[in-house]
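> Quick one: sequence and predicted model below, then my questions.
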Amino acid sequence: MQKRVEDFMAKVIEKNPGEKEFHQAVLEVAESVMPLIEATPKYKNSKILERMVEPERVLMFRVPWLDDEGEIKINRGYRIEMNSAIGPYKGGIRFHPSVNLGVLKFLAFEQVFKNSLTTLPMGGAKGGSDFDPKGKSDNEVMRFCQSFMLELSKHIGPDTDVPAGDIGVGGREIGYMFGQYKRIRNEFTGVLTGKGLNWGGSLIRPEATGYGCVYFVQEMLKTRGESLKGKICAVSGSGNVAQYTVEKLIELGAKVVTLSDSDGFIYDEGGIDKKELTCVLNLKNVKRVRIKECAKEFGCKYFEKKKPWNIKCDIAFPSATQNEISGDDARTLVKNGCMAIGEGANMPTTPEGIKVFQSAKILYAPGKAANAGGVATSGLEMSQNSMRLLWTREEVDRRLHDIMIAIHEQCVKHGKEGKYINYVKGANLAGFVKVADAMIDQGLV
């Protein structure tokens with residue numbers, strides 16, 4: 001079986017040279033699903049995995065815009081429409097200097113399986129630009145977003161492709177892009193999710209990824225007779241996902257001791273409380289400053305250019321970016337007694353780190369399962385837009401919680417290995433089967 005995986009990956013690498021993140025994401029899935037493919041003639045004969053790794057459509061375009069000094073700037077825009085077998089393309093837009101074709105293909109590929117796990121009818125896609133909104137004025141961001149949407153609008157729609165936000169794309173950017181789409185198309189539709197509440201957005205959407213990740217970890221802990229109450233939690237990142245992971249953890253009685261950004265991390269041994277979290281939200285969302293400013297406000301420790309994984313904790317929530325937990329970081333976490341990992345970011349643990357966690361038999365929730373709450377609530381926003389309704393906060397939260405419980409059940413069903421639950425295998429198999437069957441039903445698509 002290993003030889004079959006190696007041969008498959010050799011072809012993927014040959015066709016997609018230099019796209020390391022994409023190779024990593026495909027390898028993880030291939031290792032999980034190849035035994036099923038080899039044992040199932042309809043999957044093997046139809047070359048279903050070979051078809052899945054090829055995007056249905058790759059869009060790449062230039063984005064010219066004017067800065068406040070009147071100078072012309074040029075960025076590159078992308079949209080990877082990966083798979084639409086079970087519904088319209090769905091996935092975020094990321095504005096960050098690290099954005100390139102390989103990163104977006106990895107994210108789009110992961111999105112296919114994540115969306116499948118939600119039980120909602122959504123295909124997988126991802127898009128973005130190497131534009132960096134940090135340090136830009138509101139007017140500069142608006143001009144960029146309008147230029148970006150001028151091209152993207154030709155390829156998206158409520159029944160075709162429904163983008164959302166991601167790193168560097170929050171409510172401000174979604175608003176500018178939605179306004180431009182409406183102006184171009186002369187229609188008010190649910191073409192973007194993450195919209196403002198007063199113009200088609202959904203309650204709980206900003207909180208959904210963080211809340212959903214905590215709900216998933218809560219279900220994992222139940223399999224071992226544990227709960228979140230009193231658990232020490234290390235959280236990385238300080239953006240949307242991290243902020244609401246912390247909020248829900250505090251609500252459920254856990255003690256969060258870290259937050260971070262690319263410059264370093266803060267450590268509050270006594271635990272970050274609601275007052276401190278409110279300060280974080282203001283500093284990061286309004287003032288848009290670095291996390292070290294929060295340390296000054298709290299009077300807690302700040303570690304420059306460090307990651308929080310050497311801090312002793314019961315549960316780790318990597319919520320910043322891909323490959324932030326290395327093999328050495330994973331070994332440190334295990335050595336310090338960490339019993340569970342809940343991935344709020346996409347693929348934040350390296351393959352070596354995953355092997356460390358699984359060898360130690362700790363509870364490990366991969367991002368495609370644990371952070372699916374964000375896209376699940378985007379799907380709920382799409383439903384509300386279609387019906388011209390706005391559900392209550394309690395209704396959306398209840399539906400989100402139910403979806404995360406259902407995702408956990410699917411992972412357990414497909415991932416049991418004796419007494420241990422391999423959540424990576426479970427998530428990959430559950431997501432794969434639904435999409436593969438739909439593709440076969442629809443013929444050569």
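Everything's here; your move.
> Could you use CA atoms for every contact and neighbour count after this?
Fine.
> Who are the contact partners of the closest residue to Thr119 other than its chain neighbours?
Using Cα to Cα, 6 or more residues apart in numbering and skipping residues adjacent in sequence, the residue nearest Thr119 is Ile403, 7.6 Å away. Contacts were defined as Cα atoms under 8 Å, 6 or more residues apart in numbering; by that measure Ile403 touches 118-119, 373, 376.
> My guess is Val58 contacts Asn83. True?
No: using Cα atoms under 8 Å as the test, Val58 is too far from Asn83 to be in contact (11.1 Å).
> the more surrounded of these two?
Here Val58 and Asn83 are set side by side on neighbour count (other Cα atoms under 10 Å), and the busier one is Asn83, at 29 against 16.
> Can you check the pLDDT for Lys292?
Looking at Lys292, its pLDDT reads 89.
> Spit out the contact partners of it.
Contacts here follow Cα under 8 Å, 6+ apart; on that basis Lys292 touches 264-266, 302.
> Using the three-state scheme, assign the residue nearest to Thr119.
helix (DSSP: H, G, I helix; E, B strand; the rest coil).
> What distance do you get for it to Thr377?
Taking Cα to Cα, to the nearest Å as the criterion, Ile403 is separated from Thr377 by 9 Å.
> Need phi/psi at the most centrally placed residue in the chain.
For the chain, the residue sitting closest to the mean C-alpha position, by Cα atoms, centre = their mean, is Asn346 at 4.5 Å. The phi and psi values for Asn346, taken as degrees, to the nearest 10, are phi -90, psi 120.
> For the closest residue to it other than its chain neighbours, grab the count of nearby residues.
Spatial nearest neighbour of Asn346, chain neighbours left out: Gly367 (5.2 Å); criterion: Cα to Cα, 6+ apart. For Gly367, the number of neighbouring residues by other Cα under 10 Å comes to 26.
> Check whether Lys248 really touches Val214, as I assumed.
Yes: applying Cα under 8 Å as the test, Lys248 and Val214 come out as touching, 6.9 Å apart.
> Looking only at neighbour counts, state which of those two leads.
Here Lys248 and Val214 are set side by side on neighbour count (other Cα under 10 Å), and the busier one is Val214, at 29 against 18.
> Touching, that one and Ile250? I think so.
No: with contacts counted by Cα under 8 Å, Val214 stays clear of Ile250, the gap being 10.6 Å.
> related to what we said a few turns ago, out of the contacts of Lys292, list just those in strands.
Mapping those onto strands (DSSP state E) picks out 264-266, 302.
> Run a quick check on Gly157 versus Glu187, I expect a contact.
No: applying Cα under 8 Å, one finds Gly157 not in contact with Glu187, separated by 10.4 Å.
> Excluding residues flanking it in the chain, which one is nearest Pro35?
Among residues not flanking Pro35 along the chain, Met1 sits closest, at 6.9 Å (Cα to Cα, 6+ apart).
> okay, now the one you found: neighbour count?
By other Cα under 10 Å, the residues close to Met1 number 10.
> same thing with Glu56?
Residues near Glu56, counting by other Cα under 10 Å, number 14.
> show me what contacts it?
Contacts for Glu56 were tallied using Cα under 8 Å, 6+ apart; they are 81-83.
> could you pull out the helices for the stretch 251-400 of the chain?
For the stretch 251-400 of the chain, the helices defined by DSSP state H, counting those that start in this stretch cover 274-281, 292-298, 327-335, 351-359, 367-370, 373-387, 393-415.
> quick one: which of these has the weakest pLDDT on average?
Averaging pLDDT over each of the helices of the stretch 251-400 of the chain singles out helix 292-298 as the lowest, with a mean of 84.
> which of the residues in stretch 82-102 are buried?
Along stretch 82-102, the positions that meet the burial threshold by neighbour count (16 or more other Cα atoms under 10 Å) are 82-96, 99-102.
> Take those residues and keep only those in strands.
Of the positions in the buried residues of stretch 82-102, 82-83, 89-95 sit in strands, assigned by DSSP E.
> any idea how far Leu252 is from the closest residue to Thr392 other than its chain neighbours?
Closest residue to Thr392 in three dimensions, ignoring its sequence neighbours and counting by Cα to Cα, 6+ apart: Leu203, at 6.9 Å. Per Cα to Cα, Leu203 is found 20 Å from Leu252.
> cool, and Asp132?
For Asp132 relative to Leu252 (Cα to Cα), the value is 35 Å.
> from the middle of its chain, how far away would the helix or strand where Val435 lies be?
Here Val435 is covered by helix 423-441, with elements defined by DSSP states H and E. Centre-to-centre, helix 423-441 and its host chain are 18 Å apart (Cα atoms, centre = their mean, to the nearest Å).
> elements contacting that helix?
For helix 423-441, the contact count by 3 or more Cα pairs under 8 Å, 6 or more residues apart in numbering; DSSP states H and E identifies helix 20-39, helix 101-117, strand 363-365, helix 393-415 as packing neighbours.
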